[in-house]
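Colleague: sequence? don't have it. structure:
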């Protein structure tokens with residue numbers, strides 16, 4: 001803490017004292033300058049970051065509109081992943097090749113809505129309008145919101161992770177707690193983990209939400225669906241069987257299978273080593289399914305890569321222990 005000091009009335013300053021006072025004055029000016037720089041720098045840095053991000057997405061849109069596949073892929077980090085599906089950079093290249101060959105014209109307009117910092121990443125809430133026109137066909141338009149997690153790259157950025165988000169459900173997040181208003185479903189994430197209300201492509205599944213570990217690799221996925229009739233064991237084992245088919249024989253391994261309780265509710269769990277189509281990463285998946293009031297709750301905890309299980313399992317356990325579907 002710095003305090004102003006006043007000379008006592010009638011005191012004099014000799015040459016040596018004057019030199020000391022000049023040094024102190026210079027030091028004080030230096031401190032004021034540093035404090036001023038700190039006061040103004042965040043706003044300046046924020047504006048500079050915003051301008052760079054807007055320029056980055058302008059370039060990204062141009063690459064897509066020009067069907068410049070190599071140019072677009074170059075905007076991604078080597079370890080780029082689409083969160084949830086796990087599709088990597090090469091999988092994205094393949095998907096874009098199909099998109100570019102399917103449509104004669106593509107027009108993308110991206111608008112960064114919010115910019116914040118998440119660990120090593122710059123997180124951008126992005127609004128995108130995508131217009132597509134097939135040969136001899138009419139224009140169709142798609143609008144969506146996504147989170148892009150960017151890493152600095154020289155004077156610009158590269159995309160490291162991306163995921164489509166349900167912006168309307170972002171209001172369900174209060175600090176580290178998520179509470180779905182459509183059905184009683186509340187949980188708390190570990191400190192430092194990211195809660196993401198996700199868009200899930202299969203319509204019957206509702207309320208999809210992700211909780212990402214700080215490195216944005218490992219994740220918990222939770223959702224629910226009305227499913228009377230089938231038991232949780234039947235559903236869990238059926239899904240496990242499908243996962244086995246999707247994984248290669250050399251990768252898939254079932255570690256555990258059996259009943260489990262989630263609070264007062266009986267459920268069924270499996271643990272397995274899997275790999276999903278279009279993925280480079282092998283996962284350790286802990287699957288937990290349970291029912292409450294005719295609703296099936298689907299919980300999947302994926303350590304990515306699979307040897308990270310010991311590092312993230314306590315975080316997964318804390319999420320599972322915090323789930324409340326009874327209020």
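Modeller: Thanks, I have the structure now. Nothing here was measured: the structure is a model prediction, and the numbers come from that model.
Colleague: what lines up beside the host helix or strand of residue 112 in the sheet?
Modeller: Under the criterion of DSSP states H and E, residue 112 resides in strand 105-118. Here strand 105-118 is paired, per DSSP bridges, with strand 121-133 (antiparallel).
Colleague: Give the buried residues for the strand it pairs with.
Modeller: 121, 122, 123, 124, 125, 126, 128, 130, 131, 132 (16 or more other Cβ atoms under 10 Å). Where C-beta positions appear, they are placed from N, C-alpha and C, glycine not excepted.
Colleague: Distance to residue 247 added to these, as JSON lines?
Modeller: Below are those laid out as JSON lines (distance: Cβ to Cβ, whole Å):
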{"residue": "121", "distance to residue 247": "29"}
{"residue": "122", "distance to residue 247": "34"}
{"residue": "123", "distance to residue 247": "31"}
{"residue": "124", "distance to residue 247": "33"}
{"residue": "125", "distance to residue 247": "33"}
{"residue": "126", "distance to residue 247": "32"}
{"residue": "128", "distance to residue 247": "32"}
{"residue": "130", "distance to residue 247": "32"}
{"residue": "131", "distance to residue 247": "37"}
{"residue": "132", "distance to residue 247": "33"}
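Colleague: pLDDT and distance to residue 139 added to the residues you listed, as a markdown table?
Modeller: Listed next are these as a markdown table, based on pLDDT from 0 to 100; distance: Cβ to Cβ, whole Å:
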| residue | pLDDT | distance to residue 139 |
| --- | --- | --- |
| 121 | 95 | 34 |
| 122 | 96 | 33 |
| 123 | 97 | 31 |
| 124 | 97 | 27 |
| 125 | 97 | 26 |
| 126 | 97 | 22 |
| 128 | 97 | 16 |
| 130 | 96 | 11 |
| 131 | 97 | 5 |
| 132 | 97 | 7 |
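Colleague: Report the next helix or strand after the lowest-mean-pLDDT helix or strand in the chain in sequence order.
Modeller: Ranked by mean pLDDT, DSSP states H and E, the weakest helix or strand in the chain is helix 15-65, scoring a mean of 61. For helix 15-65, the following helix or strand on the C-terminal side (DSSP H and E) is helix 69-73.
Colleague: for the helix or strand just after that next one, the distance to its chain's centre please.
Modeller: Next in sequence after helix 69-73, counting helices and strands by DSSP H and E, comes strand 76-82. The chain centre lies 13 Å from the centre of strand 76-82; the measure is Cα atoms, centre = their mean, to the nearest Å.
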